[in-house]
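Q: What follows is a predicted protein model with its sequence.
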Amino acid sequence: MGITNLMFSRSLFTNLICSFIVIILVLSSFNIFSYKFYINNIEKQIINNTNERFNNVFKSFDQYFDLLQKTAIRLYLEKDIQSILNKKTISNYDVYTVYKILNNYSNDFPYVSTFYLFTQKTDFIITPHATYNKDSFFNTFYYNTMYTEDFWLWEGKKNFNYRLYPAMDFIYYASPGKARSYYLMPIVFKGANNGGIIVALIDIVSLANDIDSSFMKDFYIVDYDNTLLYTNASSADFSGLSEDLNSSFKKVDQGYLFSLKSNKKGIKYYKLIPNDEIKRELRKTNLIFVLFIIISIIISLIISIYMVIKFNNPVKQIAALIDQGENDNIKNAGVNLYDIQNHVQKMVSENIYYAEKINERDSMLKNFLYQSKIKNIYSDINQIIDEAVVRSDYAIIYFKVHYRDRYFQEVSSQSCVGTFYLKELIELYIENSFDGSITFHTEKDQIISIVNVDTKSQNIRQKSEDILDKLKSEDEYLFLTVVISNVYKDISKLSDAYYRTIELSKYRQLKSETQLLCEDEITMVSNKFYFPLEQVERFTKLLYNARKDEAICMVKNLLEYNFKKEINQFYMNLLSIEIINHAIKVLIELYYDIPDEFDIESIYSQLDNCLTLEQYTDVCVDFVSSIVTYIETHAKEEDYIVDYVKQYIEDNYMNDIYLDLLADNLGISKSYLSSYFKDKTGENLNDYLNNFRIQKALKLLTDSTIKVQDVAEAVGISNANTFTRLFKKFTGQTPTEYRQSKLVQK
């Protein structure tokens, strides 16, 4: 009983033990300082010895992935491949054509085990070496439980252009009972909406070993959403790498972690330098240090207890006085019982405060549980999540926040601040409209409400419209895209429903105003964009000829026309990608590659962030303008055939020029010359010749003393009717009308 009282007493004992502990901590601080100094020196050596080597490895991987991407883009944009993929069905001849094209690129894919074209329009997988039945290819030659035919079919429907996938073992069954395993990393490129993807299987082990084999231990490659793409670590414990580093270096439990991120592709590279040996030595030091502290504390306890017993404990006297129940004695002893009462009241107040905090934490935990469930994040608390989520039929109301410039000028430079306060407001309205709901903030501009639905509930759309009416006061700072999902019964579908609403939000109209979309009302196939083949050819020709103003005007008119057709954001995005892709194709055909000045991935990223017609127009116009400027200022790759034809036409346009004549002079067939000229310039050879002659005729027609017939003969067109027809085709006027318009201007 005496020892218990001593342990829980407050005056002398507490003061003594605290004093001893303070002294112990002060003395121990010197050891801690030495320990920190030692660790800092080790860290500096590791950083200096590793950074340079890690940067070289990072550059090698990034340059390789960049080369592979550009090669895949060039291959995918091949005219014949685009033409074949745009067909509804692919014939055996088309398969053979694609096979020949892939074979021409076989040497352009270093460290690639194989690459192939996958499309659901044919039953074959087409590779540079052969074509395979899909079943044989995926189950015999490149078998993998994840990367199956259905997997690539599903990936082909997703909205992306370029992506890397985690490396895995692929098995080749050479014969029954015999199999070989290859560790390969898939990389995929896909264009617009034509249903075909280019898949390359990288021999990542050979690539890594050739870059720096001794550096690959505990080396990780991770994509933008922290999915592990490659590592040779025996135990791929990726938990310590799941967060982005604020700098290129971080100390973790396993050792020293280095990080670099590719700005173009969102890929992150990690290198872990283990410190097992150092940690073992440090553990010994720490163990001695901890034992020293424990022994010191035990000695302090013994001394403190001895001194308390020796000099008595004032708390014991108070307890004795309380037992006696005599107020006079208490007063005589100089003890104020109100201190005890105040202490008890303080404890009660603190209990109430702690209860409120627990409720607050419980609400925060509930939000966290829902976010984990909706994003399919697995953890040790999954059982708690299953017990916490909604039990009845439910629907998701998805709020995407779009901030106006005025918000950033007058409210805050950070959108997440506005989303936080908007979430509080929406949560209040949702709780008033739906029983058993939960609202939380998922991304910097996304708010999710999960609402219970029963047969007595009013229409969800009507309630949502009422909530949006209340939010109209915020219109000057922001507008919303709101998506209402279908009603679900199975809680396991929560994550699918969430990602479904995100995809549906892309079907909003291109207007800077709040829009409400319902999953069961959205038509996926309506209002597709308009970009006919004739305009594609005209657009390509303008770029080839570096006619900037006309090309920009055409882009603006095309986007505005589709906007007036009220196509949604999804199809406007596809149209813009189509414009960008055709411009890229011109670059490749002129320079046989995409110049380094153009960051194609950045352009696609800008399109993903566009919301209005003006934003799409700015991105497309800027890109087209930069391409035309580049063509104007950079000479194209020399081409003997094209240059000869153009020079011959310039020297002999006034005479008869035939395709057979040009082909004989070059020593090639006329069919090859015709197709070659069209492929390289984007223009038919006859059209180029006639256009050249008409341009010469324009200058001659300004002289009114020369007859129209004489002008025609002077530019090599002897038939007057043919001259008039061609002149009107290229200028929109007859020769006489053109001459009169010039005379009026004078």
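A: Yep, that arrived. The structure presented is a predicted model; accordingly, all values stated were derived computationally and were not measured.

Q: This protein - how does it break down into domains?
A: 2-68+275-317, 69-274, 390-521, 533-633, 640-745 (automatic domain parsing).

Q: okay, those in CSV with distance to Ser349, mean neighbour count and mean pLDDT next?
A: All C-beta spots, glycine's among them, are computed from the backbone N, C-alpha and C. What follows is these, written out as CSV (distance: least, C-beta to C-beta, whole Å; neighbours: other C-beta atoms under 10 Å; pLDDT from 0 to 100):
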stretch, distance to Ser349, mean neighbour count, mean pLDDT
domain 2-68+275-317, 19, 14, 70
domain 69-274, 39, 17, 83
domain 390-521, 28, 17, 82
domain 533-633, 51, 17, 86
domain 640-745, 82, 15, 88
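
Q: a markdown table for these, including distance to Ile374?
A: Supplementary listing: the domains of the chain in a markdown table, determined by distance: least, C-beta to C-beta, whole Å:
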| stretch | distance to Ile374 |
| --- | --- |
| domain 2-68+275-317 | 32 |
| domain 69-274 | 15 |
| domain 390-521 | 5 |
| domain 533-633 | 22 |
| domain 640-745 | 49 |
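
Q: what's downstream of the host helix or strand of Ile84, the next helix or strand?
A: Ile84 belongs to helix 79-85 when assigned by DSSP states H and E. Following helix 79-85 in sequence order, the next helix or strand is helix 92-104 (DSSP H and E).

Q: which residues does Arg406 contact?
A: 476-477 (C-beta atoms under 8 Å, 6 or more residues apart in numbering).

Q: try 10 Å
A: 476-478 (C-beta atoms under 10 Å, 6 or more residues apart in numbering).

Q: Name the residues linked to Leu228 by a beta bridge.
A: According to DSSP bridges, the partner residues bridging Leu228 are Val222.

Q: cool, and Ile273?
A: Beta-bridge partners, per DSSP bridges, of Ile273: Tyr256.

Q: close enough to count as contact, it and Asn48?
A: No: contact criterion C-beta atoms under 10 Å: Ile273 and Asn48 do not qualify, at 11.9 Å.

Q: Spatially central, which residue of the chain would that be?
A: Nearest residue to the geometric centre of the chain (C-alpha atoms, centre = their mean): Tyr224, 6.3 Å.

Q: Quick check: the closest residue to that residue other than its chain neighbours vs Thr540, distance?
A: Of all residues not flanking Tyr224 in the chain, Gly266 sits nearest, at 3.5 Å (C-beta to C-beta, 6 or more residues apart in numbering). Separation of Gly266 from Thr540 (C-beta to C-beta, to the nearest Å): 31 Å.

Q: Equivalent analysis for Val621, please.
A: Val621 is 17 Å from Thr540, by C-beta to C-beta.

Q: can you check Leu257 too?
A: Leu257 is 49 Å from Thr540, by C-beta to C-beta.

Q: Thr419 too?
A: Applying C-beta to C-beta to Thr419 and Thr540 gives a distance of 43 Å.

Q: Also Ser675?
A: 16 Å.

Q: Please apply the same query to Asp490.
A: 50 Å.

Q: Give the full set of residues in contact with the spatially closest residue to Asn691 that is not a sequence neighbour.
A: Among residues not flanking Asn691 along the chain, Phe730 sits closest, at 5.5 Å (C-beta to C-beta, 6+ apart). By C-beta under 10 Å, 6+ apart, Phe730 lies in contact with 687, 690-691, 693-695, 697-698.

Q: Inside helices: which ones of those?
A: Among these, the ones falling in helices (DSSP state H) are 687, 690-691, 693-695, 697-698.

Q: ok, so of the residues you listed, who is nearest Asn655?
A: For those, the residue nearest Asn655 by C-beta to C-beta is Arg693; the value is 11.0 Å.

Q: moving C-terminal of the top strand by length along the chain, what's the next helix or strand?
A: The longest strand of the chain (DSSP state E) is strand 178-190. Per DSSP H and E, the first helix or strand lying C-terminal to strand 178-190 is strand 196-202.

Q: For that following strand, which strands pair with it and how are they oriented?
A: Strand 196-202 is paired, per DSSP bridges, with strand 112-119 (antiparallel), strand 178-190 (antiparallel).

Q: send the alpha carbons of it over as CSV?
A: The C-alpha trace of strand 196-202 is given here as CSV (Å, rounded to 0.1, in the frame of the first residue of the first chain):
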residue,chain,number,x,y,z
GLY,A,196,-5.6,-0.7,-83.1
ILE,A,197,-2.6,-0.7,-80.8
ILE,A,198,1.2,-1.3,-81.2
VAL,A,199,2.6,-3.5,-78.4
ALA,A,200,6.3,-3.9,-77.9
LEU,A,201,7.7,-6.5,-75.4
ILE,A,202,10.9,-5.1,-74.0
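
Q: what's next to stretch 692-701, contact-wise?
A: Contacts of stretch 692-701 (C-beta under 10 Å, 6+ apart): 646, 649-650, 653-654, 657, 706, 708, 710-712, 714-717, 723, 726-731, 735-736, 738-739, 742.

Q: May I have that stretch exported as PDB, CA atoms only?
A: Output of stretch 692-701 as PDB, limited to C-alpha atoms (Å, rounded to 0.1, in the frame of the first residue of the first chain):
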ATOM      1  CA  PHE A 692       2.400  25.500-110.700                       C
ATOM      2  CA  ARG A 693       1.100  26.500-114.200                       C
ATOM      3  CA  ILE A 694      -1.900  28.400-112.800                       C
ATOM      4  CA  GLN A 695       0.400  30.300-110.400                       C
ATOM      5  CA  LYS A 696       2.500  31.400-113.400                       C
ATOM      6  CA  ALA A 697      -0.700  32.300-115.300                       C
ATOM      7  CA  LEU A 698      -1.800  34.600-112.500                       C
ATOM      8  CA  LYS A 699       1.200  36.800-113.100                       C
ATOM      9  CA  LEU A 700       0.600  36.900-116.900                       C
ATOM     10  CA  LEU A 701      -3.100  37.700-116.600                       C
END
